[in-house]
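Asker: let me see the structure of the following:
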Amino acid sequence: MSAEVLEGFRLSPQQRAVWRGVRADRLPAARCSVSIDGELDAASLLRAIDEAWKRHEVLRTYFPTLSGMSEPLQVIADPQPVSVRRDAAAPESITGLEPLRFGSRISEGPVSAVELVSMSPSRHLLRLALPALCADGRTLELLVRDIAEIYAAARKSAESAPAPVQYADLSQWLNDLLESDMSAAGQTYWKAFLADGSPLLDLPFERVRQPLANRGTASRTFTLAPALAGALGEAAARMEASASAVVLAALAATLSRYTDRSEFLLARGSDGRRLEELQAALGPLSRWLPLRCEVAETETFEGLAGKLDRRLADQELWQEYLAPDDGTASGAETERRWSPVGFEFRDLPAPFAAEGAAFAVREIEVESPGFTLRVACTRAADSLSVALHYDSARFAADDIDGFAAALETLLEGGIADPSTPVARLPILRGEPRHRLVAGFNESAGTAPDATPVHRLFERQARERPDAAALAGEGRRLTFGEADAQADRIARRLANLGVGPDSVVGILLERSIESVVALLAVWKAGGAYLPIEISTPPERRTFMLQDAGARVLLTARAIAETSQEWPCATLTLEDAEADAGGSGPAQGAGAALPDAAPGNLAYVIYTSGSTGQPK
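Answerer: Okay, here's the model as predicted:
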């Protein structure tokens, strides 16, 4: 008996990115929900669905992996009647429907899932689900329109439109384009763009990174007030930018404020249908493109939105030449190399009128699990919803809620006054702002806990060693790392005679290291004396002598200046160099002096060239 012969096609670049980005048994889904209002002929609708599946081969494509191959082929199955699940539900129960899931046996098919939910004689809900190997968001929009047009044509006994180009043909064309000589300029563009890649964004409330297998997914969605959603389009027109760029500017500004980073990369979703021949094509053509965001403190919100809009338009010209390997990496820790944060913006189509029934796309969601945080915006005629899909192993729901509130507040401020510098736009309002401005500044009463600050920090290091403690300038230290560094420095200070009520001068740039230095002084039992880098040498000497400083804690580059210091000096570099040593120079294992709440904590001098300690 002869073996079965399969006619298959190579995966497209977009399909290859999906396949390499996730495990084969957890392929992401593309889903949509469509409300159908009015008089519906259910039998005609089912025939229209069958006809749509006949017209579009990608809807009945399955993906077997042959022996010795690292990725599957796309194989087109013969047309078969589509299995449509029929169900009934009360109107209020629609929001509680479980996500529709496509067939898990993608190597054999069928891979699609279709459900028709009847809420009343005049209102129905059509739900569709396909693997992301077969559909993107625009595919679902086009499919719904096609079903509605076939339904209307059948009701009028009219001929339906001819089938558009098939995805398997487009797939071959996209592969040929990427591998042709004419793609050299485009690939040079992306290599140059990514050559100066920024470190991955770390949000300050992000937990320790988890292996891919341990990650979970969760979502938070907020809907802008109707007035703000309506103002978005008007503001975009005034700024001469797209609505997508305006929301993206708000996201970039919020991330900059959260991370204290002025430059970073984001991944942003592109429809992938720039060319006219692709406008009506079904199948996964969308892609993620790296976008460099530069957020200067003095830049206005309007200026940032315009700059991003121009950059988005420029990248569209080169998108066909971004190879999958430029955006994803393989292996157990697969994730997008150039950014763990993604942004996408989608305008839902207007309702389709079809012989007494109105088909309206209510929701589209295409899963993309390669991100730790993905911000998906969906705009309808009079509303804008923003969904934050996040890795629940890295982020707590409350922190995501706070980030969402900050994003909405900053967007509202930018729309209301686009000439305001982004660094001055508000990110807090209501109760959180009152708590920060008024509540935290309320000093009446006595402290309930007299435990010194450095002991509280040590407690956090024991209980949450992998949680982020300090972030700045694109770097991050966990509680465990910061506490260990401070401990090493403290032991060196103690060996130099620092103890309770001893003063230690700190001459460092404002940085993560300067915070660690403060903790180290307290761990040694001493009090810190901060000295600004810009302070003249004579003033530095006066402050150290007047305060009776025992040690100056500084950086090697500063200590090696021509100035003579009136006390012993210890550089951070020397403290770290001695960390692995032993003996009296390090004092490892010896108990550090402990200061009581009544001991001196710090000495502060007034600004200027004269002044007495406060």
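Asker: next, give phi and psi for G548.
Answerer: With angles defined as degrees, to the nearest 10, G548 sits at phi 70, psi 40.
Asker: show the contacting residues for the closest residue to it other than its chain neighbours.
Answerer: Spatial nearest neighbour of G548, excluding adjacent residues (Cβ to Cβ, 6 or more residues apart in numbering): V503 at 5.8 Å. Where you see a C-beta, it was placed from the backbone N, CA and C, and this is true even at glycine. Taking Cβ atoms under 8 Å, 6 or more residues apart in numbering, we find V503 in contact with 526-529, 547-550, 600, 603.
Asker: what's across from V503 in the sheet?
Answerer: A527, A549 (DSSP bridges).
Asker: so for it, what's the pLDDT?
Answerer: V503 is assigned 94 on the pLDDT scale.
Asker: that one and E98, how far apart?
Answerer: 65 Å (Cβ to Cβ, to the nearest Å).
Asker: A253 now?
Answerer: In terms of Cβ to Cβ, A253 sits 37 Å off from E98.
Asker: compare these two (neighbour count), which wins?
Answerer: Neighbours were counted for A253 and for E98 using other Cβ atoms under 10 Å; A253 has more, 27 against 5.
Asker: tell me which element that one is part of?
Answerer: Following DSSP states H and E, the helix or strand that holds A253 is helix 243-259.
Asker: pLDDT below threshold where in the stretch 451-600 of the chain?
Answerer: By pLDDT under 70, the low-scoring segments of the stretch 451-600 of the chain are 473-474, 562, 578-590.
Asker: before we move on, what about the stretch 301-450 of the chain?
Answerer: 324-337, 429-449.
Asker: mind listing the strands for it?
Answerer: Taking DSSP state E, counting those that start in this stretch as the criterion, the stretch 301-450 of the chain carries its strands at 341-347, 352-354, 357-366, 373-379, 384-391.
Asker: now render those as TSV, adding distance to V111.
Answerer: Listed next are those as TSV, based on distance: least, Cβ to Cβ, whole Å:
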stretch	distance to V111
strand 341-347	23
strand 352-354	25
strand 357-366	15
strand 373-379	23
strand 384-391	23
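Asker: need those in TSV (columns: distance to W19 and mean neighbour count).
Answerer: As requested, the strands of the stretch 301-450 of the chain are exported to TSV (distance: least, Cβ to Cβ, whole Å; neighbours: other Cβ atoms under 10 Å):
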stretch	distance to W19	mean neighbour count
strand 341-347	18	21
strand 352-354	33	19
strand 357-366	15	20
strand 373-379	19	22
strand 384-391	20	21
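Asker: ok, now which ones touch A450?
Answerer: P597.
Asker: how close does it sit to E363?
Answerer: Taken as Cβ to Cβ, the span from A450 to E363 is 54 Å.
Asker: grab the nearest non-local neighbour of E302.
Answerer: P418 (3.7 Å).
Asker: run a quick neighbour tally on that neighbour.
Answerer: 22.
Asker: so it touches F301, yeah?
Answerer: Yes - at 4.8 Å, P418 and F301 qualify as touching, with contact defined as Cβ atoms under 8 Å.
Asker: what's the nearest residue to the most centrally placed residue in the chain if we skip its chain neighbours?
Answerer: The centroid of the chain falls nearest to V341 when counting by Cα atoms, centre = their mean (2.3 Å). Counting by Cβ to Cβ, 6+ apart, V341 lies nearest to L373, which is 5.0 Å off, once chain neighbours are set aside.
Asker: for the one you found, name its beta-bridge partners.
Answerer: Beta-bridge partners of L373, as defined by DSSP bridges: V341, Y390.
Asker: and the gap between it and D594?
Answerer: 42 Å.
Asker: next: N175.
Answerer: Separation of N175 from D594 (Cβ to Cβ): 68 Å.
Asker: same thing with K191?
Answerer: 56 Å.
Asker: all helices of the stretch 201-350 of the chain, in order?
Answerer: 226-239, 243-259, 301-316 (DSSP state H, counting those that start in this stretch).
Asker: buried deepest among these, which one?
Answerer: Of those, the one with the most neighbours on average (mean count of other Cβ atoms under 10 Å) is helix 243-259, at a mean of 24.
Asker: which helices and strands sit right next to it?
Answerer: Judged by 3 or more Cβ pairs under 8 Å, 6 or more residues apart in numbering; DSSP states H and E, the packing partners of helix 243-259 are helix 226-239, strand 263-270, strand 287-294, helix 301-316, strand 341-347, strand 373-379, helix 397-416.
Asker: how many neighbouring residues does V551 have?
Answerer: Neighbours of V551 (other Cβ under 10 Å): 24.
Asker: cool, and the one 5 residues further on?
Answerer: The tally of other residues near R556 (other Cβ under 10 Å) stands at 12.
Asker: which residues are in contact with it?
Answerer: 571-574.
Asker: gap between it and Q563?
Answerer: 14 Å.
Asker: which of the residues in whatever helix or strand A557 lives in are buried?
Answerer: For A557, the element it lies in under DSSP H and E is helix 556-559. Of the residues in helix 556-559, 558-559 count as buried by neighbour count, 16 or more other Cβ atoms under 10 Å.
Asker: so which of the strands of the stretch 301-450 of the chain gets nearest R60?
Answerer: strand 357-366 (19.2 Å; Cβ to Cβ).
Asker: the nearest residue to L27 once chain neighbours are set aside bridge partners, please.
Answerer: Spatially, and ignoring its direct neighbours in sequence, L27 is nearest to P131 (4.8 Å; Cβ to Cβ, 6+ apart). When bridges are called by DSSP bridges, P131 pairs up with A29.
Asker: wait, what's in contact with P131?
Answerer: 27-30, 102, 106, 111.
Asker: format those as JSON lines; extra columns: pLDDT and neighbour count.
Answerer: Below are the contacts of P131 laid out as JSON lines (pLDDT from 0 to 100; neighbours: other Cβ atoms under 10 Å):
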{"residue": "L27", "pLDDT": "82", "neighbour count": "21"}
{"residue": "P28", "pLDDT": "89", "neighbour count": "18"}
{"residue": "A29", "pLDDT": "92", "neighbour count": "18"}
{"residue": "A30", "pLDDT": "94", "neighbour count": "25"}
{"residue": "F102", "pLDDT": "75", "neighbour count": "22"}
{"residue": "I106", "pLDDT": "83", "neighbour count": "21"}
{"residue": "V111", "pLDDT": "88", "neighbour count": "24"}
